[in-house]
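Engineer: Output the structure for:
(2 chains)
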Amino acid sequence: MSNSTEWPLWEVFVRSRRGLSHTHAGSLHAPDAEMALRNARDLYTRRSEGVSIWVVPSTSITASSPDEKDPFFEPSADKPYRHPTFYEIPEGVKHL
Amino acid sequence: MTAVTADAYEAAFDAAVAADERIEPRDWMPEAYRATLVRQMAQHAHSEIIGMQPEANWITRAPSLRRKAILMAKVQDEAGHGLYLYSAAETLGTSRDELLDKLHTGRQKYSSIFNYPTLTWADVGAIGWLVDGAAITNQVPLCRCSYGPYARAMVRICKEESFHQRQGYELLLTLSRGTPEQHAMAQDAVDRWWWPSLMMFGPPDDASAHSAQSMAWKIKRHSNDELRQRFVDICVPQAESLGLTLPDPDLRWNEERGHHDFGAIDWAEFQAVLKGNGPCNEQRIDQRRRAHEEGAWVRDAAAAYAEKHQAAQHTESVEATA
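Structural biologist: Numbering: from 1, shown residues only, chains lettered A, B, ... in the order given. A predicted model of the protein is given here:
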């Protein structure tokens, strides 16, 4: 049974402290979710870097394609009026 | 892919590198860039886990509980660094099994420095100060490497390495200020590790096979000789503070250059160790293979447990919906 298939890959997300989002820390191999969590603790939080960990099977992630980057994100590029700096406000007007 | 789109992809890649942007796993990249990264990252990952051996050799004989806890934490960090780098390398489409197999069959290399033996306790200090010090000098610029996952792994590694270097320096300082025997032991370790540490930066620039292309791709940011000089300049005053000498009669400050001159490196020794004729090459690889083989049942058992558990969960959910 050795040299058979390797353990699946998991993506690890760590919340560094309360009030912050989980952010991607890296990935690791583990046979199941429980072991993935334990391995993630040993690998990515050896110096109190986290208060909470998520592990997600890498195969569960659907990503946008880098090839379509431009057309995919195009719709937001031509809408400068979504930013506050688009608007001209007379000098001296406060709290706006 | 037509010739036109291939050119467009290459132009986009070149532009990203020129603009100091990072290349990410799913971006198009030249095959040679990918192959260079796999080779370098694999060698780096292998070095981290082979590097556990010379130091682990002293865990059971550490002179105090404090030193033992420190050494265990350090060796565990090396394992962690290997894992960060393996997973970063896997983003390039190579598998973990393939990487380990290539290490075990000698088709990928690890740093030659780990083919030297750790003869005394002072070697643990010399490795921390000099070997990790040289590694840090090499690795800090890698935090700005053009390949995103490699750069991110290096940021994490560099943060942790500085503890490695400081514990080694402190260890040597303690020995250096101890009994005459302890002082002599510290000096002997530095005498043996100094030259191999300088070799860690790789061959001189004019003889380095991959340097120019890696610099152009911004995988590498500084040349081997430049980093080696930086390391020597850093070490000289540190050695003075330790009360130890560096084993090089030609080592002296060059006012004109603003750097230390140092003696010629024995590149024949470097090549011999690289080719497998160092003092510990066989021992290191045998130990690695044995650890891998002896751990096979643990990996198998964990996989079998996961499979069984998953099957049971599946049955439960079927029953729940029935």
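Engineer: any idea which element residue B:209 lies in?
Structural biologist: Assigned by DSSP states H and E, residue B:209 falls within no helix or strand.
Engineer: Could you verify my assumption that residue B:68 touches residue B:59?
Structural biologist: Yes. Residue B:68 is within contact range of residue B:59, at 6.4 Å (criterion: Cβ atoms under 8 Å). For every residue, glycine as well, the C-beta is placed using N, CA and C.
Engineer: Show me which residues of chain A sit near chain B.
Structural biologist: Residues of chain A found near chain B (Cβ under 8 Å from any Cβ of the partner chain) are A:1-4, A:6-7, A:9, A:26-29, A:31-32, A:35, A:42-43, A:46-47, A:63, A:65-67.
Engineer: what about residue 25, how many neighbours?
Structural biologist: Using chain A here. Other residues within reach of residue A:25, judged by other Cβ atoms under 10 Å in any protein chain shown, total 22.
Engineer: ah, I was thinking of chain B
Structural biologist: Neighbour tally, residue B:25, other Cβ under 10 Å: 15.
Engineer: Next, it: secondary structure please.
Structural biologist: Under the three-state scheme (DSSP: H, G, I helix; E, B strand; the rest coil), residue B:25 adopts coil.
Engineer: Hmm, it is touching residue B:150, no?
Structural biologist: No. Taking contacts as Cβ under 8 Å, residue B:25 lies outside contact range of residue B:150: 10.5 Å.
Engineer: residue contacts, residue B:197?
Structural biologist: Neighbour list for residue B:197: B:113, B:130, B:131, B:133, B:134, B:231 [criterion: Cβ atoms under 8 Å, 6 or more residues apart in numbering or on different chains].
Engineer: secondary structure element for it?
Structural biologist: Using DSSP H and E, residue B:197 sits in helix B:180-199.
Engineer: what about that helix, average pLDDT?
Structural biologist: Averaged across helix B:180-199, pLDDT comes to 98.
Engineer: right, and the helix or strand after it?
Structural biologist: Tracing the chain past helix B:180-199, the next element assigned as helix or strand by DSSP H and E is helix B:211-216.
Engineer: about what we covered before: in strands, which of the residues of chain A next to chain B appear?
Structural biologist: Mapping the residues of chain A next to chain B onto strands (DSSP state E) picks out A:9, A:26, A:27, A:28, A:29.
Engineer: The third one pairs with what?
Structural biologist: Assessed by DSSP bridges, residue A:27 has beta-bridge partners residue A:11.
Engineer: tell me the contacts of the nearest residue to residue B:77 once chain neighbours are set aside?
Structural biologist: Using Cβ to Cβ, 6 or more residues apart in numbering or on different chains and skipping the chain neighbours, the partner closest in space to residue B:77 is residue B:160 (5.2 Å). Contact analysis of residue B:160 by Cβ under 8 Å, 6+ apart lists A:46, A:47, B:77, B:80, B:81.
Engineer: Tell me the buried residues within the residues you listed.
Structural biologist: B:77, B:80, B:81 (16 or more other Cβ atoms under 10 Å in any protein chain shown).
Engineer: Quick check: which helices or strands does the helix or strand residue B:269 falls within pack against?
Structural biologist: Assigned by DSSP H and E, residue B:269 belongs to helix B:267-272. Counting contacts by 3 or more Cβ pairs under 8 Å, 6 or more residues apart in numbering or on different chains; DSSP states H and E, helix B:267-272 packs against helix B:180-199.
Engineer: Tabulate the contacts of residue B:197 in CSV, adding columns for secondary structure.
Structural biologist: Shown next, in CSV, are the contacts of residue B:197 (three-state DSSP):
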residue, secondary structure
B:113, helix
B:130, helix
B:131, helix
B:133, helix
B:134, helix
B:231, helix
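Engineer: Helices of chain A, start to end?
Structural biologist: Secondary structure of chain A by DSSP state H: the helices cover A:33-44, A:69-77.
Engineer: related to what we said a few turns ago, nearest to residue B:205, of the contacts of residue B:160?
Structural biologist: Set against residue B:205, the nearest of the contacts of residue B:160 by Cβ to Cβ is residue B:81 (26.9 Å).
Engineer: Quick one: residues contacting the closest residue to the closest one other than its chain neighbours.
Structural biologist: Counting by Cβ to Cβ, 6+ apart, residue B:48 is the residue found nearest to residue B:81 once chain neighbours are left out, at 4.2 Å. If you count contacts by Cβ under 8 Å, 6+ apart, residue B:48 has them with B:78, B:79, B:81, B:82, B:85.
Engineer: I'd say the third one and residue B:157 touch.
Structural biologist: Think residue B:81. Yes. Using Cβ under 8 Å as the test, residue B:81 is close enough to residue B:157 to be in contact (5.0 Å).
Engineer: give the contact list for residue 25.
Structural biologist: If you meant another chain, say so; for now it's chain A. Counting by Cβ under 8 Å, 6+ apart, residue A:25 touches A:12, A:13, A:14, A:40, A:44, A:49, A:50.
Engineer: You answered for a different chain; I wanted chain B.
Structural biologist: Residue B:25 makes contact with B:91, B:92, B:148, B:149, according to Cβ under 8 Å, 6+ apart.
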